[in-house]
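> What would the 3D arrangement of this be:
(chains A, B, C and D)
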There are 4 protein chains.
Amino acid sequence: MPGNTFGQVFRLTTWGESHGPAVGCVVDGCPAGIEISEAFIQRELDRRRVGQSRVTSARQEPDQVQILSGVFEGRSTGAPISMLVFNTDAKPGHYDTIKHLYRPGHADYTWDAKYGFRDWRGGGRSSARETIGRVAGGAIAKLLLARYGISVIAWTSQLGDLKAEVIDESEIERNIMRCPDARVAALMVERVEQARRSLDSLGGVVEVRARGVPPGLGEPVFDKLQADIGKAMFSIPAIKGVEFGEGFGVAYMTGSTHNDPFVRRDDGTIGTASNHHGGILGGISTGEEIVLRIAAKPPASIARPQHTVDRAGNPAAIEIHGRHDPTVLPRLVPIAEAMLALVLADHLLRQRLARVDA
Amino acid sequence: MPGNTFGQVFRLTTWGESHGPAVGCVVDGCPAGIEISEAFIQRELDRRRVGQSRVTSARQEPDQVQILSGVFEGRSTGAPISMLVFNTDAKPGHYDTIKHLYRPGHADYTWDAKYGFRDWRGGGRSSARETIGRVAGGAIAKLLLARYGISVIAWTSQLGDLKAEVIDESEIERNIMRCPDARVAALMVERVEQARRSLDSLGGVVEVRARGVPPGLGEPVFDKLQADIGKAMFSIPAIKGVEFGEGFGVAYMTGSTHNDPFVRRDDGTIGTASNHHGGILGGISTGEEIVLRIAAKPPASIARPQHTVDRAGNPAAIEIHGRHDPTVLPRLVPIAEAMLALVLADHLLRQRLARVDA
Amino acid sequence: MPGNTFGQVFRLTTWGESHGPAVGCVVDGCPAGIEISEAFIQRELDRRRVGQSRVTSARQEPDQVQILSGVFEGRSTGAPISMLVFNTDAKPGHYDTIKHLYRPGHADYTWDAKYGFRDWRGGGRSSARETIGRVAGGAIAKLLLARYGISVIAWTSQLGDLKAEVIDESEIERNIMRCPDARVAALMVERVEQARRSLDSLGGVVEVRARGVPPGLGEPVFDKLQADIGKAMFSIPAIKGVEFGEGFGVAYMTGSTHNDPFVRRDDGTIGTASNHHGGILGGISTGEEIVLRIAAKPPASIARPQHTVDRAGNPAAIEIHGRHDPTVLPRLVPIAEAMLALVLADHLLRQRLARVDA
Amino acid sequence: MPGNTFGQVFRLTTWGESHGPAVGCVVDGCPAGIEISEAFIQRELDRRRVGQSRVTSARQEPDQVQILSGVFEGRSTGAPISMLVFNTDAKPGHYDTIKHLYRPGHADYTWDAKYGFRDWRGGGRSSARETIGRVAGGAIAKLLLARYGISVIAWTSQLGDLKAEVIDESEIERNIMRCPDARVAALMVERVEQARRSLDSLGGVVEVRARGVPPGLGEPVFDKLQADIGKAMFSIPAIKGVEFGEGFGVAYMTGSTHNDPFVRRDDGTIGTASNHHGGILGGISTGEEIVLRIAAKPPASIARPQHTVDRAGNPAAIEIHGRHDPTVLPRLVPIAEAMLALVLADHLLRQRLARVDA
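Down below sits the predicted model:
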């Protein structure tokens, strides 16, 4: 009920607060027999880590993962996989002076409205540190998907009005913006530094893709593949928009321009001649590339003075110092990949249930 | 697993195919004591019905609802509410000639890929008739919400490049496009007729709002209010994009322009001075209006000849005659309202579980 | 949440009240491709039906099943299967005089305590008519299991102090007690008639078995096979005890007498030399016969005067006339089979998720 | 799906293997505002601990609990509560010589049948150490229940043919058998030592009670209170029978002797004059004491030579040395309490959803 678990068959539960002793997760439903590489999980966590570059928060956390269960002699056993990362650079003191104030754009007020009080240290459970569990769980999902030739990838496609014009995927992990266009990436970094200097933050768009997805994944009614992916993406902090294929552009299209003709591919399988649909029809994967974009709002934590109220409703001014990201985009890339991997792992397994002769 | 149920606490299960004997639903988790007006449910179904106007399909279905359980002396008893609508104008013969062809933009191919075969009569379970159960269930949700002063509303805001410029809500149900701008509505109708004449179809955007939502609804991690609403919207056939508040516009904003300052309202409660956030922060409602938009692709069924393949992969030409909508927008309005109502009813009840002293 | 759905993957939802217009169910998660015989479902319902013999209630209901969805050209499609039986012999007037009284042993008081009011007509949702949905759903489960060589069977093994001494399974459906011992069956019938004459009712025990269950079904922690079967059995009205294998007899045993030695069977597979464990070890099936017994209390509806109170707590006398069973045992047999079949179908499918190479 | 989570609203997930680095759990759905006493949780774990007395295993584990999340300033926050206990006395070497043999009465064979291989160290996930998470989670449930005046208690009522004749609850925690009859407890201890000397083990019965449960808890169909409690009990390793109230004794009773008359109690509330029903009618609590008994088989690990087979099916002899319990009863007491507390906490919260005006 309280929504700390994601997935139906391949299930991820995350736990932990920003300034508590640790954060972690339990992956349940991973089939027995997957080779689990702790090094791979660590690498994924490193991609998500703060303090990596001048465009992210300065908080220093090694984010060293420990696997506590569910793996035996290097393979998943079918039992739940518990993973944990201790928090080492928690500085709750940073939040002492603002603990009675509602930070604009943050969950402080709504959390109080919901629960009556809150762990005010660094956003508590609403902190981006919660996503550590997502990335660790997503890494397990990626290992499962890899076994079936499925991969996910994401990149920064837009920051403010700067848009990637060239998609060179080999470039993505080479620049700190994770933008596939080296030239635009450099402009983006400049723009982020400008924002930081002016005590402000920036929004943007991340593009997410999945390849090698066989036709047939997804359930045709409420658990359409796009519905579960949509939920996954909107569950990531800061996401305000999600679109598939032509996305909001469909409003300007007609059936005759949007419909993708079915064709026989050279290998004899059936596909579509174009991919306006973004890899999903009727909620079920077509075998074409899955294509989506997500819009992230500018981070709410800005050092500039803002108007707000305290818990009693009294007007107050607030300045949020501390270690914050002026853009979430580069760190959003691995998180979005993780969430997409989780959905695909779930539906890959669910597909085993669709036919009497599986 | 197969995803025919939506919601955690207030749960809707739909069943039924386009050309089977009936379609229906079971609402489970409706608390005891709600006054259930069959007339209200019927009215909602009538809004969704085909054959209503010259912008929708010509199939004639009275869609007369029967309540079979869970209501006693006019009130919900806490037991599951089963509702049913018999199909009366099914014409499966319409589909006989194309049953071996994959209609572009439809779920024929993916359904075959998933299950090995399919009920090819009118799209079977992927038909828009499945949404009858959603609207009936959504009507129960609306009755629950009304008790707590919560309402939902939706309207057609864009068709092609035609956008509503005036938002006069009293106008919505007065025109067959359900557009709140009478002038633009007339242009839209014209555009739809044009499309029909040219054997084509049109995409567009529907705007959805919820009012009176108290602060505190939604769960802070995976079941964020926007995540569950996002899933609900992406589960509706034809939806390719969903955005909240400023939506994809956030990419162009900064923290200082996007953050909504908290203020004390005249009645002493806390609110925000603006509503860029669209009524949800950290996954939890703020008490401000919930604002979202959904993009619907142009209906895939068009009478114009299209290229496709048959089940064996052989190239074929297809023309889809029959009774189809050149735009889904006017019928999407009640469906989107129903889905939003279902999510809100679910989270309204889930909020009862948040605190020890509820 | 309200618990009208059973199962995780193969899911049954039942709905309907004793004296409402209909009762029914939705089976969701049945894989595509099962041959669905309406005649078989009807036969199972006929076994559960009242008015069959002088040991059951005299209510006359044809219990004619209608399949409304999920089946196309005789096979399951993967879509939800909706089934419905109209109530034809409802006589709510029978309950008019006692609607303010709490029948001893019934759910009247607890239902009021839970919901604040209740549908008092014939027990409403707590009626045995709710089990129609179980038997219809269980019939689908049996059809799935049959495909994999799995069968379930049950019989009356004890009524009062009368116990079946001979287990002749071919006898079970030949006598109205469904007792595999013809001689004891005759004594049981006599005992039931005696009870009816003395305006009383009788408890007893039903034995339930499953055969052909492959090793490996069941989940090792909370969803142990015996845990899910235990829940299934205790969800049947009137059941007060459930035991597997040696059951409560284990209290008198030692490890050396209870442990079943593993052996290699003639066909090369592994089994156990004895079956004290009742077919399940560590929550997972061993391949041996699954053996359990369930104890049913004497039906609470007796025509003899009883002491009780009304809704206000005032002492009252009550006599329950109407059409009631002096024993539930013969009708419990198909219900217990249905519930066991539902659990096995669920775990049979869940087993597909256990290994990476399924 | 894999069944490592228990409960619908108040949810417990356990993870961890006997000889892995740690075992633990996540409690999700605990409402905000409960005072969480780590000392109380530790005390409950101490009751479950091995090495406590000469009737339990000699493995030495401090079982020191760490709370890693979900608690702030001594109170639950509404976020998941993660708890962990490191394994310190793991001796996997003990299992080296028998890792290819199937221990009779254990889950070795069935685990292999299910997953293809297994963590053979000390039973892996099937070890009694898994119950640490249950007891820690059950402690949180007890803290919630205490707030509403609900308590659970359990005791050893039978070992072999020795049955408690006196129920002096103050005696339970005073003797190492947790038997409420001091005289019989002494006989039981003697009997256990005898069994240990003869390299054998003993079965028995534990009685479990809940008090202060308000009328109205439980759901009337599949999630009957007895169904969820039955599942909880059958999920505990070694349990082969569960019965409520008169249990299997109902087979010998008549409606007129079994029905409990409703009466008005002195305080004006409604109750029953007797409690044959064991506190639940129609799946819903009556307000009377909840009464059940569970039968535990003799522990399967015995040092005596036994016949078995190896993984290839070859006959083999096995002797299980190591640190094992000759009876599970004293340690079963806190585990059974924990499971009952978990079910009641879940249904206590679910009851908040039953009525429109909660």
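
> low-confidence ranges in the stretch 201-350 of chain A?
By pLDDT under 70, the low-scoring segments of the stretch 201-350 of chain A are A:323.

> quick one, strands of it?
A:204-211, A:239-244, A:262-264, A:270-272, A:280-281, A:284-285, A:290-296, A:306-309, A:315-318 (DSSP state E, counting those that start in this stretch).

> how deep is residue A:31 tucked in, by neighbour count?
26 (other CB atoms under 10 Å in any protein chain shown). Any C-beta I mention is one placed from the backbone N, CA and C, and that applies to glycine too.

> Check it and give its pLDDT.
Residue A:31 is assigned 98 on the pLDDT scale.

> show me what contacts residue A:163?
A:157, A:184 (CB atoms under 8 Å, 6 or more residues apart in numbering or on different chains).

> For it, give its distance to chain D.
From residue A:163 over to chain D the distance is 38 Å, taken as CB to the nearest CB, to the nearest Å.

> Same question for residue A:262.
34 Å.

> Beta-bridge partners for that residue, please?
Residue A:262 forms beta bridges with residue A:272, as assigned by DSSP bridges.

> Run through the residues of the stretch 51-200 of chain A sitting next to chain D.
A:66, A:68-70, A:72, A:75, A:77-82, A:84, A:114-119, A:124-125 (CB under 8 Å from any CB of the partner chain).

> now do 10 Å
A:66-73, A:75-84, A:86-87, A:111, A:114-121, A:124-126, A:130 (CB under 10 Å from any CB of the partner chain).

> Residue B:23: which of the strands of the stretch 201-350 of chain A is closest?
Among the strands of the stretch 201-350 of chain A, the nearest to residue B:23 by CB to CB is strand A:284-285 (20.2 Å).

> picking that back up, chain B next: which of the residues of the stretch 51-200 of chain A next to chain D are close?
A:111, A:114-118, A:124-126, A:130.

> Ignoring the adjacent residues along the chain, who's closest to residue A:330?
In this structure, residue A:330 finds its nearest non-sequential neighbour in residue A:178, 4.6 Å apart by CB to CB, 6 or more residues apart in numbering or on different chains.

> now swap in residue A:198 and tell me
Excluding its sequence neighbours, the residue lying closest to residue A:198 (CB to CB, 6+ apart) is residue A:304, at 7.8 Å.

> quick one: residue A:143 and residue A:40 touch, right?
Yes - with contacts counted by CB atoms under 10 Å, residue A:143 reaches residue A:40, the gap being 6.7 Å.

> Looking at these two, which is more packed in?
The residue with more neighbours, out of residue A:143 and residue A:40 and counting by other CB under 10 Å, is residue A:143; that gives 20 against 15.

> could you dump the helix of greatest length in chain A to CSV, C-alpha only?
Taking DSSP state H as the criterion, chain A has its longest helix at helix A:329-350. Only the C-alpha atoms of helix A:329-350 are listed here, as CSV (Å, rounded to 0.1, in the frame of the first residue of the first chain):
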residue,chain,number,x,y,z
LEU,A,329,20.0,15.4,-16.0
PRO,A,330,23.3,13.6,-15.9
ARG,A,331,22.3,11.6,-12.8
LEU,A,332,18.8,11.1,-14.2
VAL,A,333,20.2,9.1,-17.1
PRO,A,334,21.2,6.0,-15.1
ILE,A,335,18.0,6.3,-12.9
ALA,A,336,15.7,6.4,-16.0
GLU,A,337,17.6,3.4,-17.4
ALA,A,338,17.1,1.5,-14.2
MET,A,339,13.4,2.2,-14.1
LEU,A,340,12.9,1.1,-17.7
ALA,A,341,15.0,-2.0,-17.0
LEU,A,342,12.8,-2.9,-14.0
VAL,A,343,9.6,-2.6,-16.1
LEU,A,344,11.0,-4.7,-18.9
ALA,A,345,12.3,-7.4,-16.6
ASP,A,346,8.9,-7.6,-15.0
HIS,A,347,7.1,-7.9,-18.3
LEU,A,348,9.6,-10.3,-19.7
LEU,A,349,8.8,-12.7,-16.9
ARG,A,350,5.1,-12.0,-17.0
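
> Tell me how far residue A:189 lies from residue B:252.
Here residue A:189 is placed at a distance of 18 Å from residue B:252 (CB to CB, to the nearest Å).

> same question, residue A:238
From residue A:238 to residue B:252 the distance is 15 Å (CB to CB).

> quick one: the helix or strand hosting residue A:190 to helix A:329-350, angle?
Element membership of residue A:190, judged by DSSP states H and E, is helix A:182-197. Counting by axes from the mean of the first three to the mean of the last three CA atoms, to 10 degrees, helix A:182-197 points 120 degrees away from the direction of helix A:329-350.
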